[in-house]
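# Have a look at this fold, sequence not included:
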């Protein structure tokens with residue numbers, strides 16, 4: 001019975017890995033550069049641009065991390081780089097649910113490299129949903145709690161979206177402390193490599 005459980009877990013893990021691998025490399029590398037901006041401003045495009053900035057920062061903060069880097073933490077009471085990637089990965093699922101990308105359940109990936117890939121894919125899906133959203137769509141992005149209180153989308157901007165940006169900065173700082181800094185050729189203002 002234990003053997004069958006292990007086989008089942010292996011099959012599920014492999015299928016999740018295959019799903020991430022079957023997404024095109026363009027999807028995985030989408031945030032390597034921030035795409036050209038849309039000509040007009042509206043709620044959807046501005047929100048999508050925030051995800052573009054987050055995805056760009058996450059892409060470069062987590063690019064080319066070693067197994068040793070994943071375990072680095074400046075002190076015992078602080079999350080490691082790998083644990084911080086996991087935290088962003090988990091928040092990407094909460095954001096998917098906010099923008100009504102249904103049936104998105106965290107598959108429980110435990111390897112930071114797979115969490116990174118899935119996070120990039122999740123952010124791409126969120127971005128694509130937001131960029132085509134109208135102002136009216138944002139009313140549906142408000143969440144109603146079990147106690148009847150409504151959480152407006154605004155709180156998801158200053159909550160999980162900005163929290164993820166914050167954690168990307170932590171990863172960039174921690175990897176510098178670990179001896180593997182991000183490239184100096186990244187222009188965060190331009191959203192591309194120099």
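Noted; the coordinates are in hand. Fair warning: this is a prediction, and the values are worked out from it, not measured in the lab. Numbers count the residues shown, from 1 in each chain.
# Can you give me the end-to-end span of stretch 122-139?
In stretch 122-139, first residue to last residue: 21 Å (Cα to Cα, to the nearest Å).
# tell me which residues in it are buried?
Judged by neighbour count using 16 or more other Cβ atoms under 10 Å, the buried positions of stretch 122-139 are 122-131, 133, 137-138. Every residue, glycine included, has its C-beta placed from N, CA and C.
# Could you do stretch 81-89 as well?
So, applying 16+ other Cβ under 10 Å, buried residues of stretch 81-89: 81, 82, 84, 85, 86, 87, 88, 89.
# out of the buried residues of stretch 122-139, which one sits closest to residue 183?
Proximity of those to residue 183 (Cβ to Cβ) peaks at residue 123, which lies at 20.1 Å.
# Quick one: end-to-end length of stretch 69-82, please.
Counting by Cα to Cα: the opening and closing residues of stretch 69-82 are 8 Å apart.
# Show me what stretch 57-72 is in contact with.
29, 31-32, 80-82, 85, 88, 112, 116, 119-120, 123, 164-165, 168-169, 171-172, 174-175, 177-178, 180, 182-183, 186, 188 (Cβ atoms under 8 Å, 6 or more residues apart in numbering).
# With stretch 164-175 instead?
53-54, 57-58, 60-62, 65, 69, 72-74, 79-81, 84-85, 87-88, 91-92, 181-182.
# follow-up on the earlier one: could you tell me which of the contacts of stretch 57-72 belong to helices?
81-82, 85, 88, 112, 116, 119-120, 123, 164-165, 168-169, 171-172, 174-175, 177 (DSSP state H).
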